[in-house]
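S.K.: sharing a sequence plus its predicted fold:
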Amino acid sequence: MAKLEAEIEALRARAAVLESRAQDAQLALDRALVERQTFLLSGDLDDNGRGDKLQRAVDTASSKLSGRYQHRSRSSKPAMPR
């Protein structure tokens, strides 16, 4: 029984770490989206390097979230695996 309880506690700790990382990734995505939108609205559209860099930041942050969450809002729960 103690072994099972220890395993459950380890899984809870792991879930907390994953949730924290997901929150960090969501913040990074939010920032990247704002920066890209600002560039698209008022930046030099001929600066392809800057545009590509901003798009990569959006793609990377989005990818970090997609492994655990699928189109979730901040208040919704993670999607259940199929």
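M.R.: Perfect, I can see it now.
S.K.: flag the shaky bits of the chain, pLDDT-wise.
M.R.: Filtered on pLDDT under 70, the chain yields the residue ranges 67-82.
S.K.: go again with 90.
M.R.: Low-confidence segments of the chain (pLDDT under 90): 22, 64-82.
S.K.: for it, what spans make up the helices?
M.R.: All helices of the chain, identified by DSSP state H, fall at 2-42, 48-66.
S.K.: tell me which of these is the most buried.
M.R.: Most buried of the helices of the chain, by mean neighbour count (mean count of other CB atoms under 10 Å): helix 48-66, with a mean of 14. C-beta here means a position set from N, CA and C on the backbone, and glycine is covered the same way.
S.K.: for that helix, name the packing helices and strands.
M.R.: helix 2-42 (3 or more CB pairs under 8 Å, 6 or more residues apart in numbering; DSSP states H and E).
S.K.: ok, Leu41 to Glu35 distance?
M.R.: 11 Å (CB to CB, to the nearest Å).
S.K.: actually Leu29, not the one I wrote
M.R.: Noted for Leu29: a distance of 11 Å to Glu35, by CB to CB.
S.K.: please apply the same query to Ala22.
M.R.: For Ala22, the distance to Glu35 equals 20 Å [CB to CB].
S.K.: also Leu65?
M.R.: The gap separating Leu65 from Glu35 is 17 Å, by CB to CB.
S.K.: distance from the chain centre to stretch 26-38, please.
M.R.: 11 Å (CA atoms, centre = their mean, to the nearest Å).
S.K.: please save the CA atoms from it in CSV.
M.R.: Taking Å, rounded to 0.1, in the frame of the first residue of the first chain, the C-alpha atoms of stretch 26-38 are listed here in CSV:
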residue,chain,number,x,y,z
GLN,A,26,0.7,29.5,-22.9
LEU,A,27,2.3,32.7,-21.7
ALA,A,28,5.0,32.3,-24.3
LEU,A,29,2.4,31.7,-27.0
ASP,A,30,0.4,34.8,-25.9
ARG,A,31,3.5,37.0,-26.1
ALA,A,32,4.6,35.5,-29.4
LEU,A,33,1.1,36.1,-30.9
VAL,A,34,1.1,39.7,-29.7
GLU,A,35,4.6,40.4,-31.1
ARG,A,36,3.7,38.8,-34.5
GLN,A,37,0.5,40.8,-34.7
THR,A,38,2.2,44.0,-33.8
